[in-house]
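> Take this sequence and fold it.
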Amino acid sequence: MNWVFTIKQGTEISLERPWRRETMHRLVEEATGVDFNSFGDVESAKNAAKGLLGFKTESSENTSLQACSSVGHVLNEVFETVVESTLVQPTFVLDYPVEISPLAKPHRRYAGLTERFELFVCGREIGNAFSELTDPIDQ
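As a prediction, this is how the structure comes out:
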């Protein structure tokens, strides 16, 4: 059976397995060349993101970026702005920052990340899942 479909805009989508699986950090790094794991503070991450997103310091366009309170939030902002629309073929985005996934369990191996994934097709999120936080102290 052929699992390739053509959508209205003429783009072919292949639903054949395996679907790509990649971390949010890696997808942002592939698209921008910037490793957000290297930032120790939120202001450095914001300054890098301003350059990536083409914002001027006083621009009203960067309100959502200025509202970011952590490197994880800045990473997510860059992901949503730069990467999401490029995920045409089915892609599982893995390992979201804990700051944007407060109800997900912390990652078993990587501090600061959660066990969460979202499925993207045609630049749109079509599925969201995570291991639910069950520790009452963490909650």
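> Go through stretch 100-110 and flag the buried ones.
100-101, 104-107 (16 or more other CB atoms under 10 Å). All C-beta spots, glycine's among them, are computed from the backbone N, C-alpha and C.
> ignore the last one, stretch 121-138
For stretch 121-138, by 16+ other CB under 10 Å, it's 121, 133.
> Now do the helices in the chain.
24-32, 42-53, 63-66, 71-78 (DSSP state H).
> Can you get me a residue count around W3?
Using other CB atoms under 10 Å, W3 is surrounded by 9 other residues.
> Kindly state the pLDDT recorded for it?
At W3, the pLDDT value in this model is 76.
> So for it, what's the nearest residue that isn't a sequence neighbour?
L15 (4.2 Å; CB to CB, 6 or more residues apart in numbering).
> That neighbour reaches Q89, doesn't it?
No: counting by CB atoms under 8 Å, L15 stays clear of Q89, with 9.1 Å between them.
> So if I had to pick from these two, which one is more boxed in?
Counted by other CB under 10 Å, L15 and Q89 do not tie: Q89 has more neighbours, with 16 against 12.
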